[in-house]
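Participant: this is the structure alone, sequence omitted:
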């Protein structure tokens, strides 16, 4: 018998908080995400005459968000019924797959946008040859291929099972498979989150340095526009730090406790509480992304008084 199953057998977890917290949180994410991403797609498809590179990334980001959002009603019903899964193993696999597809697809697409903006600010002339819609399409295609490679194993690990004579859809995988899932989860954290986050962090640090150094040396951007750009950069980094980093940290701790620690029920209860309470916060990324990356860019692009700023930042 694996350590994970042994721990699960002797440490029955108190998870009644999920039956209130998760349906409420997922309902908020569903409503906000549907409205914001729907508006984002509508503005892109109906009111944008010529798509820029950023528009291509944003439309793909909205599609990834909506695929995840459409799976939330199943989770809302599941947790409202106190973890009773009514929809079969195939939909269980699809719900878990869509969560990770959205999570790591969004991260890679945001990485593409960050690199695009970095090139536009730090190398505005030399980067013109690389800031084409053709390369943006290639970038999104490569991002989706990488995401599929990363998250396809989740279809294998995700499964249904029985706990106290009730059918459940396991959050990660079944208890007897945690040892195998642990390595996959760590690789996914490094390749899907840590590496892209470091790229984004480096890009934004270099962008801030470039914006500060060009103060008084360039007429392309006003001081107000420059300050707004720096605030946006800091806000994006804050979004990653608040929504994504805690989830990956708590998930890694949870997996480690389940697989490597000797039975410690209080430690396991704490790790489970932190991980599963933070999970809905990741979904808020699908609500904030349209606000951060589209609405401000859209109105800036269509404002004649900020034409120079939009050309530098969003084309």
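Facilitator: All right, it came through fine. Keep in mind the model is a prediction, meaning the values are calculated, not measured.
Participant: now do the contacts for residue 171.
Facilitator: Residues counted as contacts of residue 171 (C-beta atoms under 8 Å, 6 or more residues apart in numbering) are 96, 276, 279. Yep, even glycine has a C-beta here, placed from its N, CA and C like the rest.
Participant: report the helix or strand with the lowest average pLDDT across this structure.
Facilitator: Least confident element among the helices and strands of the chain, by mean pLDDT, DSSP states H and E: helix 307-314 (a mean of 41).
Participant: helices of the stretch 151-300 of the chain, residue ranges please.
Facilitator: In the stretch 151-300 of the chain, the segments counted as helices under DSSP state H, counting those that start in this stretch are 153-157, 178-188, 195-213, 223-239, 245-260, 265-283, 285-290, 296-301.
Participant: can I get the ones you listed in JSON lines with distance to residue 71 and mean neighbour count?
Facilitator: Below are the helices of the stretch 151-300 of the chain laid out as JSON lines (distance: least, C-beta to C-beta, whole Å; neighbours: other C-beta atoms under 10 Å):
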{"stretch": "helix 153-157", "distance to residue 71": "13", "mean neighbour count": "17"}
{"stretch": "helix 178-188", "distance to residue 71": "19", "mean neighbour count": "18"}
{"stretch": "helix 195-213", "distance to residue 71": "23", "mean neighbour count": "16"}
{"stretch": "helix 223-239", "distance to residue 71": "22", "mean neighbour count": "15"}
{"stretch": "helix 245-260", "distance to residue 71": "17", "mean neighbour count": "19"}
{"stretch": "helix 265-283", "distance to residue 71": "10", "mean neighbour count": "18"}
{"stretch": "helix 285-290", "distance to residue 71": "11", "mean neighbour count": "24"}
{"stretch": "helix 296-301", "distance to residue 71": "27", "mean neighbour count": "18"}
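Participant: now these as TSV including mean pLDDT?
Facilitator: Below are the helices of the stretch 151-300 of the chain laid out as TSV (pLDDT from 0 to 100):
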stretch	mean pLDDT
helix 153-157	94
helix 178-188	91
helix 195-213	86
helix 223-239	67
helix 245-260	88
helix 265-283	84
helix 285-290	78
helix 296-301	48
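Participant: neighbours of the closest residue to residue 281 other than its chain neighbours, how many?
Facilitator: Using C-beta to C-beta, 6 or more residues apart in numbering and skipping residues adjacent in sequence, the residue nearest residue 281 is residue 243, 5.7 Å away. Residue 243 has 21 neighbours, counted by other C-beta atoms under 10 Å.
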